[in-house]
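**Q** got a predicted model here, sequence first, then my questions.
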Amino acid sequence: MSFVSVEFLAFTAICTAGYYLIPKRCQWVWLLIFSYIYYLAQGPQYIFFILFATVVTYLGGLWAENGSKAAVPVTLLLDFGMLAAVKYTNFMIGNLNGLFGTEIREMKLLLPLGISFYTFQATGYLLDVHWKRIRAERNPFRFALFLSFFPQILQGPIGRYSRLADSLYAEREFDMDRILRGMYRIVWGFFKKIVIADNAALYVNTIFDQYATLRGYGLLGVLMYSAQLYGDFSGGIDVVCGIAEMLGITLDENFRQPFFAVSITDFWHRWHITLGTWMKDYLFYPISLSGWMGRFGKWCKKHMGKSVGRTMPICAANVIVFLVVGVWHGPAWHNIAYGLYNGVIIGVSGLLAKNYRDIRKRLGIGKDSRWFFIFQILRTFALVNISWYFDRAGSVGQALMMMRDSILRFSFSINVVDAGACWSGSPAVTFAAIIFGCAVLFLHSIMEERGTDVGEVLRQKPLPVRFAVLLLLVLSLVLIGSEPLSQGGFIYANF
Amino acid sequence: MRIFKRAAVPILFLAILMGTNALFNYLLIPYTFTRYKLHKIENETFDDLILGSSHGATNIDPAYVAYVTGRSAFNAAQGEEFPVDSYFFLKDAVTAGHAPTRVIYEFDPNYWITAQEVDSTFSGLFGEMRMSWTKVQYFFAKMWKVDFRTFCAPWYFYREQWSLIPENLDVKRSEVYRDYGVENFNTDTQTVEYDGFMAIHPGKWNDSIVPREWSEAMLQKDARRYFVMMAEYCRRMKIEFVVVTTPVPDETLRACADSYAAASEEMRSLAETYGFEYLDFTSGELLSENEDLTDPDLFADWDGHMYEETAERFSLILAEKFTY
């Protein structure tokens, strides 16, 4: 059930209308029913996986709360085991065959939609129960809703029980303001997805899929990928949050103007925030506070000096965390390279932080230097774009070759895409649509970065202005949006 | 009262949005013969109703069929009309009280192995149907899973054709449009007749269309499903159901022999199962009897769209095969 389909809009409308019409005590049950209908619509064969994760984690949570030491490892093994089995088995087989020359046949495995998201959500809940941050949910159906809440199940945001549960189970009155806020957000999400991401996808697919012939266009391809990925993922999240808002449920934000980040660390605090915080809480802290990491820190202090020794465990933990982030992104070496690239940059930045401060001091660059601030943003943008080569390319070799060609054979032409593939019949118009979309997004991001709630500002404007802005936004989906089905669904739904 | 006031704002916005959308639909969507054909089958009763693809539209001339059979005939076949569309067109005619006594379904194997493209024709075939329960069913069959813009704002398939607005306006304010005329569909290369037949004038051979290879793997489940529904519907409604595969140039037949043979086998098996007559001019007796109809010079293209005169000849031969 695609987010942009008539079916999904009707499904959402019926769900929302019914939610406010039925007795309030049944509202969460209504959501559970709709969540399972939604998941069944993706393919009934996938239902086993989410039911398995639900039952295992629900029982694991109760077991862990009773103080069982085996509860957490057993439940984690089952949850991550299922994820690993369906997602990484063929990757392992491929590598074993490559390494040892064996001929193990790859398996035909189902990859349930959203499995990475609900597995992380489930394991986060389990660890929170284990660490006594929350109490285990007694009602299995309520827990089932927590894992399956339909807007967020395919591409997040990865919810935390402590923040999401009360919101999911609360009894709510109809609130027109919330409905309108939700609608604004959904339209804005569609704008990012349809106008920016899907149009940019045309360039990305052309350049990355034909990289061997279109050598030198890598920079254009990767910049377009920046636009596509951000428009696609954050647009999808806007739709998700907008639907939740209409139902009175507040989800965690997943983006905060990521391209205004001044460092890669900052970038990961703004991009896919819920994955970043999950990694921080459930992987980074346990690793950096573990006994073996403590011993490693002491060893580093002894052999490398106090300053490096103190930073080294954090750097190592970051590299491990981002290795996992890479693996989470998909069973392929280029994804692992993507994760490691980020981890190494963050790690090295941590190690060299003092040197950076010294250089800045020597150059007389003050803390409030506007130019240095812009330089940091541009530098981070460049570093992030380098990482996208690994993320989008089909292999590490392709990524490296495209990077090299981007410099040594640099080419740029908006006509690189086939005119026949453009909805307008003209690459120039498609390119202009992308630029327009990015410009609107940029202005919006600047306002949000300066602390202005754009939605709130709009609500304060006179009715004709509000109508005009919303009308333009909706019409732009039709006027300059990419053609339906031409570019497929949401990228992160494949995770 | 407070709730009403709060609701008034979104309702007003929706009204403006729908008004703007309707205006764009009016300005940008041209008059197509889908509107004409649907109007005819919704408002007039014909003995023989021809459904199917562009081959049906160009190769079966209802006037010649009517001449032989002495029955009225109308050609509602058109390019991009897939089995799902044919099924609902038939249902639309029947529920409008204009059930034919016979359906002549033109079977083009290409339409069974190709996914329907979501384009202007896709939305046009649905959009021009009158509002009815059949249309609601058609909506769920066809529009339910597509991008919301295809259903809500079909003008978007014409969004790069702003220069055609004056022409569209002229047409839509003309008598031809009001009276469901067909004159403005006529060009140097084709004439659309009032009985729905599209006559292709002799001209340059177009070899750009190459039929695809038929294979079980490529067979579209929906094509077979809706075809079977159509056959069953005809049986229930006591409408005679005849399926025809029109002749193609011998070059095409030679190049895609396996493909045509497989398609023919599939349709023969369906004919046996569902008890309808299948007239296949690409194989067996009908092919050998009418080999003179496979001369490439008689066709406008490699794909098998006939020139007007060939279609007339073929229609006479075809009509002789019908019971009347």
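**A** Here it is on my side, so go on. These numbers come from a predicted model, not from an experiment. Residues are numbered from 1 along each chain as shown, chains lettered A, B, ... in the order given.
**Q** which strands and helices lie in contact with the biggest helix by length in chain B?
**A** Using DSSP state H, we find that the single longest helix of chain B is helix B:2-28. Using 3 or more CB pairs under 8 Å, 6 or more residues apart in numbering or on different chains; DSSP states H and E, the elements in contact with helix B:2-28 are helix A:176-190, helix A:463-479, helix B:165-172. All C-beta spots, glycine's among them, are computed from the backbone N, C-alpha and C.
**Q** domains in chain A, by residue range?
**A** The domain map for chain A lists A:6-174, A:178-494, with the assignment taken from automatic domain parsing.
**Q** and those domains: which comes nearest chain B?
**A** domain A:178-494 (2.9 Å; CB to the nearest CB).
**Q** ok, the closest one near chain B or not?
**A** Yes: for domain A:178-494 and chain B, the contact criterion (CB under 8 Å from any CB of the partner chain) is met by A:179-180, A:183, A:423-426, A:429, A:463, A:467, A:470-471, A:474-475, A:477-479, A:481, A:483-485.
**Q** for A:Leu400, which non-adjacent residue is spatially closest?
**A** Spatial nearest neighbour of A:Leu400, excluding adjacent residues (CB to CB, 6 or more residues apart in numbering or on different chains): A:Tyr389 at 7.9 Å.
**Q** the one you found belongs to a helix?
**A** Yes: assessed with DSSP: H, G, I helix; E, B strand; the rest coil, A:Tyr389 lies in a helix.
**Q** what about stretch B:191-209, average pLDDT?
**A** Stretch B:191-209 carries an average pLDDT of 83.
**Q** repeat for stretch B:30-41
**A** In the prediction, stretch B:30-41 has an average pLDDT of 93.
**Q** just give me the neighbour total for the residue nearest to A:Leu400.
**A** Neighbour count of A:Tyr389, defined by other CB atoms under 10 Å in any protein chain shown: 26.
**Q** am I right that it is in contact with A:Gly218?
**A** Yes: look at A:Tyr389 against A:Gly218 with CB atoms under 8 Å: they come within range, at 7.0 Å.
**Q** could I get the full set of strands for the stretch 151-300 of chain B?
**A** Along the stretch 151-300 of chain B, counting by DSSP state E, counting those that start in this stretch, strands occupy B:190-192, B:198-200, B:240-245, B:277-280.
**Q** mind saving the C-alpha coords of the third one as PDB?
**A** This means strand B:240-245. Taking C-alpha atoms only, strand B:240-245 is exported to PDB below (Å, rounded to 0.1, in the frame of the first residue of the first chain):
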ATOM      1  CA  GLU B 240     -23.200 -14.300 -27.100                       C
ATOM      2  CA  PHE B 241     -19.400 -14.000 -26.700                       C
ATOM      3  CA  VAL B 242     -17.100 -14.300 -29.600                       C
ATOM      4  CA  VAL B 243     -13.300 -13.700 -29.500                       C
ATOM      5  CA  VAL B 244     -11.400 -12.700 -32.600                       C
ATOM      6  CA  THR B 245      -7.700 -12.400 -33.200                       C
END
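**Q** same for it, what does it pack against?
**A** With contacts defined as 3+ CB pairs under 8 Å, 6+ apart, strand B:240-245 has these neighbours: strand B:102-106, helix B:221-236, helix B:257-274, strand B:277-280.
**Q** the first one vs helix B:221-236, what angle?
**A** Spelled out, it's strand B:102-106. 160 degrees (axes from the mean of the first three to the mean of the last three CA atoms, to 10 degrees).
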